[in-house]
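Enquirer: got a predicted model here, sequence first, then my questions.
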Amino acid sequence: MSYNLELQKINLKLNSITNPDDKIILLKQAILLADSNNDIEWGFDFRLELINEEVRTSRCIESFPAFTWLLETYDKNPEIFDEKELLWQYKWLAQASYRNSNIEKEQIEKIFEDLKSRMTKNGYSLRGYYSVIIGWYDFIGDIESMDAYIELREKDTRDDMSHCMACELDIRVESELKKGNVDRAIDIAHDLFVKKLSCAHMPFATFCKFAYYLNKLGDSRAADFYEKAMYELKKNVDEEDQSILSTVSLLINYLIYNDREKAFELFEKYSPWDFNSEDSLQFDFSVDVLNLFNVEGSRKIRISATHPLYDDSGEYNLKDLYSYYYNRALDLAEKFDARNNTSFFSKLLNDELKN
C-alpha cells in the first residue's frame, strides 16, 4: 500500500474516533508511518494532535517526547513551521512538568523561561504565561505569590495565548476558597454560576471546589453546590474527558462525609482513570478517597483489573485499600515536597487524616 493511501486511511479512522485513548493509539501509528517516510510535516501535525488528545486524559506520557521532537524540529526548520502552532500545547506541557514528581525544579524553571521567551518573541502578552505561573504557585501552596501573579495577569492584555475567561475566573475563586473567604468567592464566581462564562470544565469544576471547601468548613451550603456539580457532570461534561479526575475526586471526598454509598459508586466509576495518571492526580485522588476505606471490614467493590490490588472475587478488605492509597499519597508527598522545598503536600495528607 502506498504511503499516501495509508495516510488517507489513518486520517479517515481518526475522524471517526472520539475516545482519546483510541485516538492516541492510532496517532502513534501515524507518527511511526510519517517518520519512516521522513515526512516531518505530517510528523509535526500528528504530534500536535496527539498532545491535544492526551490533554483529555488523566496522564501525560506520550506528550513529553512528542513535544521535545516538535521543539527540535521547529528550531531546525523555522522556515517550514509556525512557532505559534506550538505555544498552546507548550502551556499545557509546562504545567504538566511540575505535576510530574520526577522532573527537577531547575528543569521546570527552564521550561517556564523558555515558554516566556517564545511567547514574547511571537508578540504575545505575558497573560497566558502568568496563568502557568499562577498554577505553579497554587500547586506548591504559595497563595500569596499566586495572588500576586493573578494581579499581574489582570493588568496584562488578553490575546490568543490567554487562558479562557472562565478558567481565569475559576482560579481567582479557588484562591479565595483556600483562604476561607467563602462569600468573597461566591461574589467572584457569579458569572460562572449563571454561565455568562463557561468552558469544557466550567462551571462544573467551580461547583466541585465549592462543595469540597465548604464541606471542610462545615458550611451547609456545600450540599447545594454538590447538587449543582452533579447536574453539570451528568448533563454538560464530556464523559470521555479523563482530565476531570482530580475534580471528580473532590466530589468523592465530599460524599465520604455525606453519602458513603454514593461515594463508592463514584469511586467505582472513575477509579480506572487513576491508572497511569499524572503523579499529582494520583496524589490528589489518593488523598481524596483515603477515608472511604478507613473503616474495618470488607465489601464487594468493582475495581479495574489494572488496579494493583485487583482480585477476581471482587471482595476487598477496606483497610488494605486504605493502606494502598495512604502509602501512595505519602510517597508522592515526600517526592513533591523534596522537589519543591515545601511541606505542602505532607500537610494536605495530614489534614485529611485528621478528618
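Expert: Okay, I see it.

Enquirer: show me which residues of stretch 177-186 are buried.
Expert: Buried residues in stretch 177-186, counting neighbours by 16 or more other CB atoms under 10 Å, are found at 177, 182, 185-186. In short, each C-beta sits where N, CA and C put it, glycine included.

Enquirer: poorly predicted segments of the stretch 151-300 of the chain, please.
Expert: Filtered on pLDDT under 70, the stretch 151-300 of the chain yields no residues whatsoever.

Enquirer: reformat the buried residues of stretch 177-186 as a markdown table; add secondary structure and distance to Arg260.
Expert: As requested, the buried residues of stretch 177-186 are exported to a markdown table (DSSP: H, G, I helix; E, B strand; the rest coil; distance: CB to CB, whole Å):
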| residue | secondary structure | distance to Arg260 |
| --- | --- | --- |
| Leu177 | helix | 24 |
| Val182 | helix | 25 |
| Ala185 | helix | 27 |
| Ile186 | helix | 28 |
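
Enquirer: including distance to Asn276, could these go into CSV?
Expert: Converted to CSV, these look like this (distance: CB to CB, whole Å):
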residue, distance to Asn276
Leu177, 30
Val182, 36
Ala185, 33
Ile186, 37
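
Enquirer: next SSE after the strand or helix carrying Glu72?
Expert: Following DSSP states H and E, the helix or strand that holds Glu72 is helix 63-76. Next in sequence after helix 63-76, counting helices and strands by DSSP H and E, comes helix 84-98.

Enquirer: need the next SSE after that following helix, C-terminal direction.
Expert: Moving toward the C-terminus from helix 84-98, the first helix or strand encountered (DSSP H and E) is helix 105-121.

Enquirer: tell me the helices and strands packed up against that next one.
Expert: Here helix 105-121 touches helix 84-98, helix 127-140, going by 3 or more CB pairs under 8 Å, 6 or more residues apart in numbering; DSSP states H and E.

Enquirer: so which of these is the most packed in?
Expert: Ranked by mean neighbour count under mean count of other CB atoms under 10 Å, the helices and strands packed on helix 105-121 are led by helix 127-140, which reaches a mean of 21.

Enquirer: after that one, which helix or strand is next? Please name it.
Expert: Helix 127-140 is succeeded, C-terminally, by helix 143-155 (DSSP H and E).

Enquirer: just the strands in the stretch 151-300 of the chain please.
Expert: With DSSP state E, counting those that start in this stretch, the ranges of strands along the stretch 151-300 of the chain come out as 298-300.

Enquirer: where exactly do the helices run in it?
Expert: Counting by DSSP state H, counting those that start in this stretch, the stretch 151-300 of the chain has these helices, from start to end: 165-178, 182-188, 190-193, 204-216, 222-235, 245-256, 260-270, 279-289.

Enquirer: what number of residues are in the vicinity of the closest residue in space to Leu255 that isn't next to it in sequence?
Expert: Distance criterion CB to CB, 6 or more residues apart in numbering; nearest residue to Leu255, sequence neighbours excluded, is Ala263 at 3.6 Å. Here the neighbour count serves as a burial measure; for Ala263 (other CB atoms under 10 Å) it reads 21.
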